[in-house]
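# Give me the fold of what follows.
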Amino acid sequence: MFIDEAEILVRSGKGGDGMVHFHREKYVPRGGPDGGDGGRGGDVIFEARTSLNTLAAFRHQRHYFAQNGEKGSTNNMTGKSAEDLIILVPPGTVVRDKEKDILLGDLLEHGQRLVVCKGGRGGRGNQHFATPSNQAPRMGERGEPGQEKLLHLELKLIADVGIVGVPNAGKSSLLASVTNAKPKIADYPFTTLEPNLGVAELDEETTLVLADIPGLIEGAHEGAGLGDAFLRHIQRTRVLIHLLDGLSEDPLADFTQINSEMALFDPDLAKKPQIVVLNKMDLPEVQERWPKIKKALEKRHYEPMAISAVSHENVRELLWKAAELLKTAPQTEISEALPIYRPKEDIQKFTVERIPEGWAVKGAGIERAAEMTYWEHEGSVRRFQRLMETLGVDEALRQAGIREGDTVFIGENELEWQD
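Numbers count the residues shown, from 1 in each chain. So this is what the prediction gives:
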């Protein structure tokens with residue numbers, strides 16, 4: 001099954017905790033601090049692979065969590081960093097943060113990577129907090145928490161040439177006749193329920209990647225007949241083969257309708273170079289209609305062709321014409337391509353809110369610091385208190401009316417206020 005959209009939850013690894021420890025050795029009664037740092041948590045990384053062509057794997061697995069870093073050890077030994085989690089996707093995959101509704105990246109080429117969640121850094125061991133006045137610090141840091149995101153993945157096929165037209169125009173037959181693709185073919189509307197890709201080899205140096213886009217009907221840009229889902233795949237192509245059904249009641253009306261639907265979905269689609277082709281020329285009635293249709297299309301400044309996907313008449317000539325057009329066709333401009341500038345979160349920003357249970361302090365920086373604090377070590381607690389004063393959290397709570405003994409919630413941590 002072809003799957004071109006998916007939602008998954010990803011989480012990077014937490015950094016390993018730094019260690020609070022003092023050197024112990026015979027005849028060394030007062031060994032200094034030797035607590036090692038924690039290892040880095042694993043990143044979550046997307047990587048494009050040409051061996052994949054759908055997002056079907058995400059139907060069965062929706063949660064992807066990287067490993068945590070290991071804790072620091074004695075003798076200043078740093079904990080082992082976790083392996084990064086690599087998630088493989090087909091080229092053409094667009095990755096968005098669903099909750100924030102922002103674009104994270106667009107993976108276009110084989111091997112291209114996108115880091116969506118950075119692993120947490122390892123916490124520092126007490127060796128880093130030694131000073132001339134405090135040579136035995138009983139403080140350290142826990143590992144930085146990982147990041148978690150709900151992602152929306154969308155696949156847009158990447159092909160040189162897109163074959164478009166109304167249902168039953170013969171697009172799948174044309175693709176099958178020139179490539180090794182094996183699309184489902186029959187004589188009824190919407191035979192093709194998913195886009196198909198094929199590679200046509202014209203000679204040793206010339207190949208074309210073609211995409212058979214399922215038939216478009218009136219209202220496709222609004223989702224009729226799954227049209228909006230299919231139209232996105234045309235955005236990647238550089239040249240269009242617009243296939244007309246020779247047995248249609250009005251091929252010219254079909255031609256106008258398809259162009260209108262593409263323009264309504266994305267104005268840039270209407271600007272793509274098109275080769276207009278009348279199909280089913282192996283039938284006598286179509287041969288009779290061809291001169292009139294050809295003349296009408298020439299009046300619209302097109303150079304139409306007539307082919308038969310069944311008998312292969314003029315099919316080779318069509319492919320060479322597409323190859324020649326590709327040489328001069330502009331490269332597809334993808335406004336969503338990487339890199340994308342995203343402002344860094346303001347770690348000093350916070351809010352103070354009165355809640356029934358006490359007070360809630362919210363902010364990326366202060367919550368992260370609370371998560372990384374060893375509350376069982378007095379030195380770490382004093383360090384966190386100084387941070388609250390530096391950020392202005394203490395003053396903000398006092399101005400809000402906090403009293404002795406009130407409970408303060410910072411992330412998952414519950415603290416008691418003392419003046």
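
# ok, residues contacting the helix or strand where Ile241 lies?
Per DSSP states H and E: Ile241 is located in strand 239-245. Contacts with strand 239-245, where a contact means Cβ atoms under 8 Å, 6 or more residues apart in numbering, come from 160-166, 168-171, 174, 210, 234, 251, 254-255, 258-259, 272-280, 293, 318, 322, 325-326, 329. Where you see a C-beta, it was placed from the backbone N, CA and C, and this is true even at glycine.

# Determine the next helix or strand in the C-terminal direction from it.
As the chain continues past strand 239-245, the following element, by DSSP H and E, is helix 251-265.

# can you state the direction angle for the following helix or strand past that following helix and helix 251-265?
Per DSSP H and E, the first helix or strand lying C-terminal to helix 251-265 is strand 274-279. Interaxial angle of strand 274-279 relative to helix 251-265 (axes from the mean of the first three to the mean of the last three Cα atoms, to 10 degrees): 140 degrees.

# Run me through the strand neighbours of strand 274-279, direction for each.
Strand partners for strand 274-279, identified by DSSP bridges, are recorded as strand 239-245 (parallel), strand 305-306 (parallel).

# Tell me which of those sits most buried.
strand 239-245 (a mean of 25; mean count of other Cβ atoms under 10 Å).

# what about it, distance to the chain center?
In terms of Cα atoms, centre = their mean, to the nearest Å, the centre of strand 239-245 is set 30 Å apart from its chain centre.

# what is the mean pLDDT for that strand?
For strand 239-245, mean pLDDT rounds to 92.

# related to what we said a few turns ago, only the buried subset of the contacts of strand 239-245, as a ChimeraX command please.
Buried residues among the contacts of strand 239-245 (16 or more other Cβ atoms under 10 Å), as a ChimeraX selection:
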select :160,161,162,163,164,165,166,168,169,170,171,174,210,234,251,254,255,258,259,272,274,275,276,277,278,279,280,293,318,322,325,326,329
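
# Compute the distance between Asp43 and Asp160, please.
Distance, Asp43 to Asp160, using Cβ to Cβ, to the nearest Å: 34 Å.

# what do you get for Thr328?
13 Å.

# Averaged pLDDT, stretch 205-224. What do you get?
Mean predicted lDDT for stretch 205-224 stands at 59.

# same check, this time on stretch 11-19
On average, stretch 11-19 scores 94.

# In contact with Glu412, which residues are there?
Glu371.

# Can you check my assumption that Ile8 lies in a strand?
Yes: with DSSP: H, G, I helix; E, B strand; the rest coil as the criterion, Ile8 is part of a strand.

# pretty sure it is in contact with His63, am I right?
Yes: the pair Ile8 / His63 is scored as a contact, 7.1 Å apart, by Cβ atoms under 8 Å.

# more neighbours, those two?
More crowded of Ile8 and His63, by other Cβ atoms under 10 Å: Ile8, with 19 against 8.

# ok, what's across the strand from the more buried one?
Where Ile8 sits in a bridge, its partners, by DSSP bridges, are Leu151.

# ok, back up a step: the strands paired with strand 274-279 into CSV, with extra columns for distance to Lys362?
Formatted as CSV, the strands paired with strand 274-279 follow (distance: least, Cβ to Cβ, whole Å):
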stretch, distance to Lys362
strand 239-245, 51
strand 305-306, 64
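
# quick one: which helix or strand includes the most centrally placed residue in the chain?
In the chain, the residue lying closest to the centroid (Cα atoms, centre = their mean) is Val95, at 1.4 Å. Using DSSP H and E, Val95 sits in strand 93-97.

# Only alpha carbons, please: show that strand as CSV.
This file holds the C-alpha atoms of strand 93-97, laid out as CSV (Å, rounded to 0.1, in the frame of the first residue of the first chain):
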residue,chain,number,x,y,z
THR,A,93,9.5,13.6,2.7
VAL,A,94,8.5,16.8,4.3
VAL,A,95,8.7,16.9,8.1
ARG,A,96,6.6,19.2,10.2
ASP,A,97,6.2,19.8,14.0
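
# Mind giving me the packing neighbours of it?
The elements that strand 93-97 packs onto, with contact taken as 3 or more Cβ pairs under 8 Å, 6 or more residues apart in numbering; DSSP states H and E, are strand 44-48, strand 102-107, strand 148-155.

# Show me what the first one is in contact with.
With contacts defined as Cβ under 8 Å, 6+ apart, strand 44-48 is touched by 10-12, 64, 66, 84-93, 95, 105, 107-117.

# Thanks a lot, see you next time.
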